[in-house]
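A.B. asks: Let me see the structure of the following:
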Amino acid sequence: MPVSRVPVSRRPDEASARTGAGKGQGKGRRGPADPVRALMHRHHDLCARAVDPLEIAAGLEAHGVTDRTAARFRHRDVFSLAEELYARVPRAEEPAPPAAPAPGRAPGVRMTLAALWLLPGALCAATASAALRVDAIRKDATVGLALGAGGAVLTLIALWLCLRRGPLRVPGSGRGGRIAHALGVGWLLGYAAAGDWLLTGLLDGRRPYDAAPVAEAAVLLALAAAPAAWCARWFAVRARRRLAVSRGLEEFAAGVRPLFAGVATAFLCALAALVLAARLTVPGSPPAAAPLSTAEAAVVALCGLLFLARLLAVHGFRRAALSGIAVACAVQAVALAMAAAARLPGAAPLGEPVARLTAAQGVAAVPAVACGAAALALLIHAFGVLCRASAHGGPDARTARAAHDTRTTRTTPDRAP
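C.D. replies: Have a look, this model is predicted:
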C-alpha cells in the first residue's frame, strides 16, 4: 500500500512578523537552514535586551555586519535585518514605562545642569582674580596661596560633579580604566601648572615662578567645561535622531560626519572666545587684542585633547581616549627627561632638540606640540569611529563592540557574522 507523504510545514516560531511568513514572502529564509535564524541565535542576548531595532543594528555593525553582509540574508541593509531580528526574538524583559515627569520639572533640571556646567569656570575665575589681586595689594604670597588652594579644591569638586552627571559621564568604566585616565589627566594638568617652570629651570637654571600664565590656563580649562558638555549633548542627541531616520549604514555615516565636523568647529570657536574671557579675568594676562601666545596655544591644544578623549570615552572608545592622553604625557615626560639628562657630564647633546625648540618658540612649545599632535590624532580617529551607528546604539551596542574588540585582539577576525 503506498504511503502518502505529507509535506512538512514551517514551524510557527520561524515566522517573521515583519516579513509576513506563511503568505509566501521570504521562502528562502525559512526552514532548517534559515540563515537569519542562525544569526538570531548567535546574537540572541543582544536582540533580547534591545529596546528597539536601532540598538540591534548598532550592535550588528559593532560585530562587523555591514549592508553587504545583510544582502546575504536577503535584506537591503543592516537596519532591515535588525527589524526582523527584533520581531523574531522575544524580549527578555519588557522595560517599565518611564514615569511622567512632574509639571515644570524638565526646565528646572535643564537649568540646574547648565548652572553645574558653568560652576567650575565661575569658581576658578573668581579664585584666580581674587588670589592675584590679594598678592598685588598685600605683597604677601601666603594669603593668595591659601585662597588659591581653597578655590582649586572647590573647582575640582565642581568638575568632578560635571563628569559624574550629564553628557560627559562615562558609563560602565572599570576601576583600572578610571585610575589610568585620572593619572593621565592629572599629569597633563600638573604639567600645565608647573611643567614650563620646571623645564626652564632644567635648561637655563632657576627662574621665578610666574603665577599669571598658570592662572590664565586654569581659568581657560575650567571655562571649557560648559561648551564641552553642550557640544557633547548636542552631538549625541542629533546623532541619535539621525540613527532613527537612516535606512543604511552609509546613509547614517554621511549624515553624522557634518554633525561631528560642526561640533569640533563649534568647540574650537568657543575656545577662542574663552581665551579672551580668561585674559579679561586674570590680572597680568596679555592684552585682549594681542595675538595668541604659545602658552595659550598649548592650553587650547590641551582643552581640545581632553574634550576629544572624553567624547570618545563617553561613546565607548575608552582605549583610544586613554592612548591619546598617554601619548601626550609620554612626549612631555621625554622632554623633561632629555633636559635633565643634558645636565649630566658629557650628555649635553641629549637635550639639544628640546633646547632648540624652546629657543625658537619658548618652553610652552613642548606641551603645545605634545597635546596638539595627540589631539589631531584623536580627531582623525574620532571622525571615523563616532560616525558609525555602533557608537550611538545604547549600552548594548557598546558592550557588543567592546566584546568584539577583545575577541579580535586575541584571535583572527571572524569573517562570518
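
A.B. asks: doesn't residue 381 make contact with residue 312?
C.D. replies: Yes - using CB atoms under 8 Å, residue 312 is in contact with residue 381, at 7.5 Å. Glycine gets a C-beta too; all of them are placed from N, C-alpha and C.

A.B. asks: Name the residues contacting each of the two.
C.D. replies: The contact sets of residue 312 and residue 381 overlap at 320, 324 (CB atoms under 8 Å, 6 or more residues apart in numbering).

A.B. asks: These two - which one has more neighbours?
C.D. replies: residue 312 (24 against 17; other CB atoms under 10 Å).

A.B. asks: dump the residue contacts of residue 43.
C.D. replies: Here residue 43 is in contact with 56, 59, 60, 63, 85, 400 (CB under 8 Å, 6+ apart).

A.B. asks: any idea which of those residues is closest to residue 248?
C.D. replies: residue 60 (12.7 Å; CB to CB).

A.B. asks: Please name the spatially closest residue to that closest one (chain neighbours excluded).
C.D. replies: residue 78 (5.5 Å; CB to CB, 6 or more residues apart in numbering).

A.B. asks: Tell me how many other residues crowd the one you found.
C.D. replies: Using other CB under 10 Å: residue 78 sits among 28 other residues.

A.B. asks: now residue 281
C.D. replies: Counted with other CB under 10 Å, residue 281 comes out at 20.

A.B. asks: in which helix or strand would I find the nearest residue to it once chain neighbours are set aside?
C.D. replies: Distances taken as CB to CB, 6+ apart put residue 125 closest to residue 281, at 4.7 Å, once the chain neighbours are dropped. When elements are assigned from DSSP states H and E, residue 125 belongs to helix 105-138.

A.B. asks: Could you pull up the residues touching residue 261?
C.D. replies: Counted by CB under 8 Å, 6+ apart, residue 261 has contacts residue 383.

A.B. asks: Regarding it, what is its secondary structure?
C.D. replies: helix (DSSP: H, G, I helix; E, B strand; the rest coil).

A.B. asks: Quick check: residue 229 touching residue 163?
C.D. replies: No - at 9.3 Å, residue 229 and residue 163 do not qualify as touching, with contact defined as CB under 8 Å.

A.B. asks: More neighbours: which of the two?
C.D. replies: residue 229 (24 against 14).

A.B. asks: Need the phi and psi values for residue 208.
C.D. replies: Per-residue torsions, residue 208: phi -70, psi 150 (degrees, to the nearest 10).

A.B. asks: related to what we said a few turns ago, so what's the residue nearest to residue 281 scoring on pLDDT?
C.D. replies: According to the prediction, residue 125 has pLDDT 92.

A.B. asks: can you check residue 77 too?
C.D. replies: 75.

A.B. asks: Please apply the same query to residue 103.
C.D. replies: pLDDT for residue 103: 41.

A.B. asks: now do residue 194
C.D. replies: Looking at residue 194, the pLDDT reads 92.

A.B. asks: Then the one 5 residues further on?
C.D. replies: In the predicted model, residue 199 carries a pLDDT score of 92.

A.B. asks: Do I have it right that it meets residue 339?
C.D. replies: Yes - in this structure residue 199 lies within contact range of residue 339 using CB under 8 Å: 5.8 Å.

A.B. asks: Pull up the overlap in contacts between those two.
C.D. replies: Between them, residue 199 and residue 339 share the contacting residues residue 354, judged by CB under 8 Å, 6+ apart.

A.B. asks: ok so, going back, flag every buried residue along the helix holding residue 125.
C.D. replies: 113, 116-121, 123-129, 131-132, 134-135 (16 or more other CB atoms under 10 Å).

A.B. asks: Now do stretch 371-386: distance to the chain's middle.
C.D. replies: Taking the mean of its C-alpha atoms, stretch 371-386 sits 10 Å from the chain's own mean (CA atoms, centre = their mean, to the nearest Å).

A.B. asks: any idea which element the closest residue to residue 365 other than its chain neighbours lies in?
C.D. replies: Spatial nearest neighbour of residue 365, chain neighbours left out: residue 357 (5.2 Å); criterion: CB to CB, 6+ apart. Using DSSP H and E, the element containing residue 357 is helix 352-361.

A.B. asks: So for the residue nearest the centre of the chain, what's the pLDDT?
C.D. replies: The residue lying closest to the centre of the chain (CA atoms, centre = their mean) is residue 311, at 1.7 Å. pLDDT, residue 311: 94.

A.B. asks: Out of the contacts of residue 43, which sit inside strands?
C.D. replies: Secondary structure from DSSP state E places none of the contacts of residue 43 in strands.

A.B. asks: Which one (most neighbours) among those?
C.D. replies: residue 59 (31 neighbours).

A.B. asks: I'd guessed that one sits against residue 44; true?
C.D. replies: No - here residue 59 does not reach residue 44: they are 11.5 Å apart, not a contact under CB under 8 Å.

A.B. asks: mind listing the helices for the stretch 1-150 of the chain?
C.D. replies: 35-42, 44-49, 53-62, 67-72, 78-88, 105-138, 141-164 (DSSP state H, counting those that start in this stretch).

A.B. asks: right, so of those helices, which gets closest to residue 243?
C.D. replies: Of the helices of the stretch 1-150 of the chain, nearest to residue 243 by CB to CB is helix 53-62, at 5.4 Å.

A.B. asks: coming back round to it: got the CA coordinates for the helix holding residue 357 in PDB?
C.D. replies: Presented in PDB, the C-alpha positions along helix 352-361 are these (Å, rounded to 0.1, in the frame of the first residue of the first chain):
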ATOM      1  CA  GLU A 352      69.800  69.700  22.100                       C
ATOM      2  CA  PRO A 353      66.400  69.000  20.400                       C
ATOM      3  CA  VAL A 354      64.500  70.400  23.400                       C
ATOM      4  CA  ALA A 355      66.800  73.400  23.700                       C
ATOM      5  CA  ARG A 356      66.400  74.300  20.000                       C
ATOM      6  CA  LEU A 357      62.600  74.000  20.100                       C
ATOM      7  CA  THR A 358      62.300  76.100  23.300                       C
ATOM      8  CA  ALA A 359      64.800  78.700  22.000                       C
ATOM      9  CA  ALA A 360      62.700  79.200  18.800                       C
ATOM     10  CA  GLN A 361      59.200  79.000  20.300                       C
END
